[in-house]
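> Structure of the sequence below:
(one chain, ligands or ions: 2)
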Amino acid sequence: MELSALTRSVVKHNHAIIAPDGYINSNVPGWTNCTVNVIINEQMGARLAQTIITLREGGQLQGQTQASQIFFYVVAGQVQATIDGQEKTLTAGHFVYVPIEKRYLFHNPTDGTQLLTFHKVYEPLASYDTPAVLFGERDLSKAPVYMNDEALRIQELLPNELGFDMAVNIFTYDMGGHLPMVETHIMEHGLLYLEGQAIYMLDQQWYPVQKGDSIWMAPYCQQWATTMGKEPSVYIYYKNVNRFPT
Ligand code: UGY
Ligand code: MN
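Ligands and ions are numbered 1, 2, ... in the order given. Sure, this is the predicted structure:
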């Protein structure tokens with residue numbers, strides 16, 4: 001029997017690892033017949049929010065984005081999305097980016113459908129349009145090699161354009177893949193492991209992590225990672241981008 005007094009989750013001033021074993025559910029207005037776990041938000045010092053939602057049969061998410069844009073990614077299952085009048089059926093690996101002030105409805109899910117969300121208050125940029133609704137999907141063939149290392153591939157899910165102030169990328173580490181350096185940077189990350197196992201170094205501390213784990217990295221939290229085990233490790237992550245360092 002596992003000891004209920006132990007967890008791999010940690011919450012520090014500049015990083016956190018949230019493993020599913022410690023989830024406590026939240027109620028979110030308009031999100032019904034589902035389990036919502038708020039993984040990252042401003043209460044821990046973050047400037048993004050990250051949630052994981054598990055929909056039951058008949059579950060739905062209905063609302064309108066306000067100051068925050070929301071990126072929705074289907075981790076597992078199937079759901080119908082109606083965003084600003086556009087309708088699509090989304091399955092695992094599909095995503096939709098919902099800009100500010102747009103109505104959204106996710107409904108008719110298969111039981112157990114899991115969605116990941118990243119939320120960020122949008123910072124407009126003079127003479128650039130607010131981004132439009134964008135649907136897309138995970139596709140390794142659209143993931144170029146990262147920093148000349150064949151073991152590392154990054155797919156950028158959102159356009160690399162100044163109108164966007166957030167990026168969401170899928171990072172695949174093949175066997176033997178590791179970050180080529182310790183990163184020290186102003187951008188913040190929220191992250192969910194989609195596959196595999198890894199060792200993550202955060203602020204000079206070392207953590208084993210795996211599929212289902214989430215990580216928060218504050219600006220300047222030093223970070224390095226290497227894949228572990230017998231299959232590639234894959235994570236989807238958020239990053240704030242494209243604004244003046246005021
Ligand atoms: O884009 C990034 O900053 C990325 N390489 N960081 C990370 O995976 N921890
Ligand atoms: Mn980084």
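> Point out where the chain drops to low pLDDT.
Within the chain, no range satisfies pLDDT under 70.
> The helix or strand encompassing Gln155 pairs with which strands, parallel or anti?
Assigned by DSSP states H and E, Gln155 belongs to strand 149-156. Using DSSP bridges, strand 149-156 pairs in its sheet with strand 145-146 (antiparallel), strand 166-173 (antiparallel).
> The longest one close to ligand 1?
Yes - with CB under 6 Å from any ligand atom as the measure, strand 166-173 is seen reaching ligand 1 through Phe171. For the C-beta atoms, the positions are set from N, CA and C on the backbone; glycine is no exception.
> Mind listing the residues bridging to the residue in the chain that ligand 1 sits nearest to?
Relative to ligand 1, the nearest point of the chain is Gln223 (4.4 Å; CB to the nearest ligand atom). Counting by DSSP bridges, Gln223 is bridged to Glu183, Leu202.
> now swap in Phe71 and tell me
With DSSP bridges as the rule, Phe71 is bridged to Tyr97, Phe118.
> Show the contacting residues for it.
Residues near Phe71 by CB atoms under 8 Å, 6 or more residues apart in numbering: 95-98, 117-119, 157-158, 166, 168, 238.
> Distance check, it against Val98.
7 Å (CB to CB, to the nearest Å).
> Direction included, what does the lengthiest strand in the chain pair against?
Looking across the chain with DSSP state E, the single longest strand is strand 49-64. Partner strands and pairing direction for strand 49-64 (DSSP bridges) are strand 31-40 (antiparallel), strand 103-107 (antiparallel), strand 113-121 (antiparallel).
> which of the ones you listed is buried the deepest?
Highest mean neighbour count among the strands paired with strand 49-64 (mean count of other CB atoms under 10 Å): strand 113-121, with a mean of 22.
> packing partners for the helix or strand following that one?
Going down the chain from strand 113-121, the next helix or strand is strand 134-137, by DSSP H and E. Under the contact definition 3 or more CB pairs under 8 Å, 6 or more residues apart in numbering; DSSP states H and E, strand 134-137 sits against strand 86-91, strand 94-98.
> Could you tell me which residues of this protein lie near ligand 1?
171, 183, 189, 223, 237, 239.
> Around the third one, count how many other residues there are.
So that's His189. 25 (other CB atoms under 10 Å).
> what's the closest non-adjacent residue to it?
Residue nearest to His189 in three dimensions, not counting chain neighbours: Met217, with 4.2 Å by CB to CB, 6 or more residues apart in numbering.
> neighbours around the one you found, how many?
26.
> for the helices and strands packed on strand 134-137, which one ends up most surrounded?
Mean neighbour count (mean count of other CB under 10 Å) peaks for strand 94-98 among those, with a mean of 22.
> so what secondary structure elements neighbour that one?
strand 68-76, strand 78-83, strand 86-91, strand 134-137.
> out of those strands, which comes closest to Val11?
strand 68-76 (22.2 Å; CB to CB).
> got the CA positions of that closest one in CSV?
Output of strand 68-76 as CSV, limited to C-alpha atoms (Å, rounded to 0.1, in the frame of the first residue of the first chain):
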residue,chain,number,x,y,z
SER,A,68,-7.7,36.5,-20.3
GLN,A,69,-7.3,34.5,-23.5
ILE,A,70,-7.6,30.7,-23.0
PHE,A,71,-5.8,27.9,-24.8
PHE,A,72,-7.7,24.6,-24.7
TYR,A,73,-5.9,21.3,-25.5
VAL,A,74,-7.5,17.9,-25.6
VAL,A,75,-5.3,15.4,-23.7
ALA,A,76,-7.7,12.5,-24.1
